[in-house]
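Undergrad: let's see this in three dimensions:
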Amino acid sequence: MTLNCKGQLEDFRHFTSGEKAHVNPGGITFPATGLLIDSTTASPWQAPDLPVDVLAPAQRRAKLRLVARLVHDRQPASPLAGLLPALTDFEPPPSASHALSSQVEGIQDTLTQRQLNGIVSGLAGLLGLGGGLTPSGDDLATGFLLALRRWGHLLAPGLLAAEIAHNLLPLAYQKTTTLSANLLECAAQGQADERLLLALDGMLSTDPDPPACAAALTAWGHTSGHDALVGMALVILNPGQSS
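TA: All right, here's what the predicted structure looks like:
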């Protein structure tokens, strides 16, 4: 379970990693401290509606490149995220990442050709790649599915995130962490952390600006936002999109 809290909460000062919690219909209780988070008046959160001020294809790509530059400069890159400069055309690819580069290019090619099986195979090959609760390959797949689910009608008409998820999710629950598989399932339904949604929607519309999009991505995990951006970029740069 993950709690995202804005600001500094005094009650959480003495918490340690792995703190036990009891979740019930009325809230969340932390026995060690006696803290109760009351959820009886909380409203279920849903992803916001898509913005209406959508940018033209050339403007989307230009904004993506600005965000990619900012993210690349602010956050240490994982091996997959290290491909971002070359993917968005502001630096050549690092030679050490040739194998990964080929895998990502393969996903890009099968997306362009609308090859469902090839997309699933390419994403499946990245599942579990990297360390942590959400490995880098999973974060890339999350960004990819989220972009396709929310913006596929514009960026890849006729290619449905649900069809990819139907084939990919069983593999995810076998090959990677349960948390990552859960996040992939949410992404395929258009649901994700608010920071990912803000950044994704922002790169395709007039607001927010590139620094705000980059800040949202770099605030999501150590390199998770960076890796998710690679997945988003694959969909945003798809040449077969609508205006």
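
Undergrad: so which helix or strand of the protein has the lowest pLDDT on average?
TA: The least trusted helix or strand in the chain, going by mean pLDDT, DSSP states H and E, turns out to be strand 35-38, with a mean of 84.

Undergrad: for Glu194, the count of nearby residues, please.
TA: 13 (other C-beta atoms under 10 Å). C-beta here means a position set from N, CA and C on the backbone, and glycine is covered the same way.

Undergrad: ditto for Trp45
TA: Trp45, neighbours per other C-beta under 10 Å, totals 8.

Undergrad: ok so, going back, report the buried residues of the least confident helix or strand of the chain.
TA: Of the residues in strand 35-38, 35, 37 count as buried by neighbour count, 16 or more other C-beta atoms under 10 Å.

Undergrad: and that strand, which strands flank it?
TA: strand 27-30 (antiparallel) (DSSP bridges).

Undergrad: show me which residues of the top helix by length along the chain are buried.
TA: Looking across the chain with DSSP state H, the single longest helix is helix 136-155. By 16+ other C-beta under 10 Å, the buried positions in helix 136-155 come out as 136-152, 154-155.

Undergrad: how close does the residue lying farthest from the centre of the chain sit to Ala21?
TA: Taking C-alpha atoms, centre = their mean, the residue of the chain most remote from its mean C-alpha position is Gly34, at 34.2 Å. According to C-beta to C-beta, to the nearest Å, Gly34 stands 12 Å off from Ala21.

Undergrad: OK, contacts around the nearest residue to Gly221 once chain neighbours are set aside?
TA: Nearest in space to Gly221, with sequence neighbours left out and distances taken as C-beta to C-beta, 6 or more residues apart in numbering, is Thr134 at 6.7 Å. Applying C-beta atoms under 8 Å, 6 or more residues apart in numbering, we find Thr134 in contact with 142, 177, 179-180, 183, 221, 224.

Undergrad: do you know the pLDDT at the spatially most central residue of the chain?
TA: Geometric centre of the chain, nearest residue: Gly143, 3.1 Å, by C-alpha atoms, centre = their mean. The per-residue pLDDT reported for Gly143 equals 98.

Undergrad: what's the nearest residue to it if we skip its chain neighbours?
TA: Nearest one to Gly143, counting by C-beta to C-beta, 6+ apart, is Gly231 at 2.9 Å.

Undergrad: now do the SS call for that neighbour.
TA: helix (DSSP: H, G, I helix; E, B strand; the rest coil).

Undergrad: do the same with the one 10 residues further on
TA: Secondary structure assignment for Gln241 (three-state DSSP): coil.

Undergrad: can you pull out the low-pLDDT segments for the protein?
TA: 1-12, 17, 75, 92-98, 243 (pLDDT under 70).

Undergrad: can you show me the helices along it?
TA: So, for the chain - with DSSP H - the helices run 57-74, 84-87, 98-112, 116-124, 136-155, 161-175, 178-188, 194-203, 210-218, 224-236.

Undergrad: so which of those helices is the most surrounded?
TA: Counting by mean count of other C-beta atoms under 10 Å, helix 224-236 has the highest mean neighbour count of the helices of the chain, with a mean of 29.

Undergrad: which elements pack onto it?
TA: helix 57-74, helix 84-87, helix 98-112, helix 136-155, helix 194-203, helix 210-218 (3 or more C-beta pairs under 8 Å, 6 or more residues apart in numbering; DSSP states H and E).

Undergrad: so how far is Leu204 from the closest residue to Arg61 other than its chain neighbours?
TA: Excluding the flanking residues, the one nearest Arg61 by C-beta to C-beta, 6+ apart is Leu237, at 6.3 Å. Separation of Leu237 from Leu204 (C-beta to C-beta) stands at 12 Å.

Undergrad: kind regards, and thank you for your time.
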